[in-house]
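Peer 1: dropping the sequence and predicted coords here.
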Amino acid sequence: MPDADLYRYVYVNADGTARELHASERQYLETEFQGGDGAMPYVKDTYEERNGWGELNGYLKRSELPEGIPIAEAPAENPNRPMNREDTIAWLRAKGVEVVENADGSYTTLAKPRR
């Protein structure tokens with residue numbers, strides 16, 4: 001793909017590899033948000049920057065990607081599909097968050113004390 005056709009952002013995976021963006025991710029990055037909107041996409045300033053979970057993954061300007069890191073093709077399926085209740089609970093638990101499922105169908109997350 002000629003440089004002129006390259007999208008200005010890539011996605012850095014948790015393992016440090018990079019990939020092109022799915023069309024839905026491009027649309028998300030191009031959406032206009034009001035300042036302070038929690039749904040606004042976060043773009044890392046540097047390749048090494050980690051997210052709130054301590055992971056390397058996130059959007060990054062292509063120009064900030066270190067030389068030599070190959071960029072895989074965009075995924076065919078939307079990598080950010082909406083999660084249902086069960087998916088969300090499983091995702092939170094995988095991150096180490098304690099989740100209590102309530103009798104009324106809601107759930108509560110409990111913060112773990114910092115060490």
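Peer 2: That came through fine.

Peer 1: Ser63 in helix, strand or coil?
Peer 2: Using DSSP: H, G, I helix; E, B strand; the rest coil, the structure places Ser63 in helix.

Peer 1: and the residue nearest to it when sequence neighbours are not counted, how far from Gly36?
Peer 2: Once flanking residues are discounted, Ser63 sits nearest to Arg8: 7.6 Å by C-beta to C-beta, 6 or more residues apart in numbering. Just so you know, the C-beta spots here come from the backbone N, C-alpha and C atoms, and that holds for glycine as well. According to C-beta to C-beta, to the nearest Å, Arg8 and Gly36 sit 24 Å apart.

Peer 1: pLDDT below threshold where in this protein?
Peer 2: 1-4, 112-115 (pLDDT under 70).

Peer 1: the chain: helices as residue ranges?
Peer 2: Using DSSP state H, the helices found in the chain span residues 23-30, 85-94.

Peer 1: and the longest one, what does it pack onto?
Peer 2: Using 3 or more C-beta pairs under 8 Å, 6 or more residues apart in numbering; DSSP states H and E as the contact definition, the elements that helix 85-94 packs against are strand 98-101, strand 107-110.

Peer 1: cool, and the shortest one?
Peer 2: Counting contacts by 3+ C-beta pairs under 8 Å, 6+ apart, helix 23-30 is packed against strand 9-12.

Peer 1: list the contacts of stretch 91-103.
Peer 2: Trp53, Met83, Ile89, Tyr107, Thr108, Thr109, Leu110, Lys112 (C-beta atoms under 8 Å, 6 or more residues apart in numbering).

Peer 1: next, the distance between the ends of that stretch.
Peer 2: For stretch 91-103, the separation between the terminal residues is 20 Å (C-alpha to C-alpha, to the nearest Å).
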